[in-house]
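Undergrad: coords please:
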Amino acid sequence: MVSQSSSVGYTIMGKTVELTVVQKTTIDTLHEEGKTQKVIAKEAGCSQSSVSKHINREAKGRKRCGRKKCTSNRDKCNLERIVKQNPFKNVGEIHKEWTAAGVSASRTTTHRRMHDMCFSCRIPCVKPLLNNRQRQKRLAAKRTGLLLSGPKLCALMKVNFCISFRYQGPRVWRKRGEAHNPRCLRSSVKFPQSVMVWGAMSSAGVGPLCFLRSKVQAVYQEVLEHFMLPAADQLYGDADFIFQQDLAPAHSAKASSTWFKDHGIPVLNWPANSPNLNPIENLWGIVKRKMRYARPNNAEELKATIRATWALITPEQCHRLIASMPHRIAAVIQAKGAPTKY
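TA: Numbers count the residues shown, from 1 in each chain. Model prediction:
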């Protein structure tokens, strides 16, 4: 049975619900006027027992009662230090180390204190491993003019697309007992068919796609000749631009460097293990998310899906990614060369 008035408070099955600030103020005012508890309960919209408990609690000067915490602020600081020293430990290991320091607390209390300090268990982000030398090179990107090259930057990257159902989404809606139902399973293939794709982008939009049939080292200069140069003419015309590529073996080979010098194309000095500085990485992520629910049956259907999705990329999306270069560099400088959120 539920009785509810125009007030916020109400009573369920004879059990009192926590009083609101308005109800407490109403009870205090009517109690000072000498009203009976029955009248006060009717006016405040709560049960008579709630009125009685509130009046008696206020008369005794006691807000709440309860057992005192078994840990002190010093113990909480010690627990926070333990968690920060190695955040990859599980609750059992953290609890064992905390109690070894002289704290008398259960595993549940340890878990609760960690939540009180806003620690949550999450899947960690995966970033490339960077040593001190690589961090210094990433910081030196500010001095190489990378910060000022955003609008004139032409970025390229190759990526591998597989025929797989991993694009269908990370979760499934199902009922209890349907965990092994075929329609609720995510299928996996040991050696799925795949295609290697080369693409280029700038602040003006994307260039044509190139599907590679062999290793990049053998055909990289042909890709530059037949795809990169037409893409640069399409995106920039006669204007100058700076070419960006990572440190893949085909990109850093002596023959590739000679090709760029012969064609008079400046290449950006790129630090190792820095995909978070490359805006085209985000563009490939956009393409893969758009293909999440695609179900190609063979390599040709996969290529057609990639082409159709690539054609949906707008110049505005590319411009926003290229314009984010100063923010990426600033984040690297703030992190002192360490991985960033990009």
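
Undergrad: so what are the domain limits for this protein?
TA: The record's domain split for the chain, according to automatic domain parsing, is 2-60, 73-116, 132-334.

Undergrad: mind telling me which of those the model trusts least?
TA: Ranked by mean pLDDT, the domains of the chain bottom out at domain 2-60, with a mean of 73.

Undergrad: as a check, name the ranges of all strands in this structure.
TA: For the chain, the strands defined by DSSP state E occupy 2-4, 10-12, 15-16, 153-162, 194-202, 205-206, 210-212, 242-244.

Undergrad: want to throw the domains of the chain into TSV with mean neighbour count and distance to residue 340?
TA: C-beta: built from backbone N, CA, C; applies to glycine. Output for the domains of the chain, formatted as TSV (neighbours: other C-beta atoms under 10 Å; distance: least, C-beta to C-beta, whole Å):
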stretch	mean neighbour count	distance to residue 340
domain 2-60	15	44
domain 73-116	14	18
domain 132-334	16	4
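
Undergrad: to residue 123, which of these lies closest?
TA: Closest approach to residue 123 among the domains of the chain is made by domain 132-334 (10.7 Å; C-beta to C-beta).

Undergrad: look up phi and psi at residue 297.
TA: Dihedral pair for residue 297: phi -100, psi -20, per degrees, to the nearest 10.

Undergrad: distance check, it against residue 269.
TA: Distance of residue 297 to residue 269, given as C-beta to C-beta, to the nearest Å: 43 Å.

Undergrad: using TSV, please lay out the domains of the chain together with distance to residue 342.
TA: Listed next are the domains of the chain as TSV, based on distance: least, C-beta to C-beta, whole Å:
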stretch	distance to residue 342
domain 2-60	45
domain 73-116	22
domain 132-334	4
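
Undergrad: list the contacts of residue 54.
TA: Each residue near residue 54 by C-beta atoms under 8 Å, 6 or more residues apart in numbering is listed here: 19, 24, 27.

Undergrad: mind running it again at 6 Å?
TA: By C-beta atoms under 6 Å, 6 or more residues apart in numbering, the contact list for residue 54 reads residue 27.

Undergrad: for residue 176, see how far away it is.
TA: 43 Å.

Undergrad: next one: residue 310
TA: According to C-beta to C-beta, residue 310 and residue 176 sit 41 Å apart.

Undergrad: now swap in residue 80 and tell me
TA: Residue 80 is 39 Å from residue 176, by C-beta to C-beta.

Undergrad: and what of residue 319?
TA: For residue 319, the distance to residue 176 - C-beta to C-beta - is 48 Å.

Undergrad: could you do residue 330 as well?
TA: The gap separating residue 330 from residue 176 is 49 Å, by C-beta to C-beta.

Undergrad: what about stretch 72-90, distance to the chain center?
TA: Distance, stretch centre to chain centre, for stretch 72-90: 25 Å (C-alpha atoms, centre = their mean, to the nearest Å).

Undergrad: typo on my end, it should be stretch 71-87
TA: When distances are taken as C-alpha atoms, centre = their mean, stretch 71-87 is centred 26 Å away from the chain's centroid.

Undergrad: tell me the contacts of residue 246?
TA: Residue 246 sits in contact with residue 270, where contact means C-beta under 6 Å, 6+ apart.

Undergrad: and it, its phi and psi?
TA: Dihedral pair for residue 246: phi -80, psi -170, per degrees, to the nearest 10.

Undergrad: how close does it sit to residue 108?
TA: Going from residue 246 to residue 108 by C-beta to C-beta gives 48 Å.

Undergrad: same deal with residue 282?
TA: Taking C-beta to C-beta as the measure, residue 282 falls 42 Å from residue 108.

Undergrad: what of residue 291?
TA: Distance, residue 291 to residue 108, using C-beta to C-beta: 44 Å.

Undergrad: can you check residue 325 too?
TA: According to C-beta to C-beta, residue 325 stands 48 Å off from residue 108.

Undergrad: just how off-centre is stretch 259-267 within its chain?
TA: On C-alpha atoms, centre = their mean, the centre of stretch 259-267 falls 38 Å from the chain's centre.

Undergrad: quick one: end-to-end distance for it.
TA: When the termini of stretch 259-267 are compared using C-alpha to C-alpha, to the nearest Å, they are 11 Å apart.

Undergrad: ok, stretch 80-89 next?
TA: 13 Å.

Undergrad: partners of residue 197 in the sheet?
TA: Here residue 197 sits in beta bridges with residue 159, residue 211, going by DSSP bridges.

Undergrad: so how far is residue 291 from it?
TA: Applying C-beta to C-beta, the value for residue 197 to residue 291 is 12 Å.
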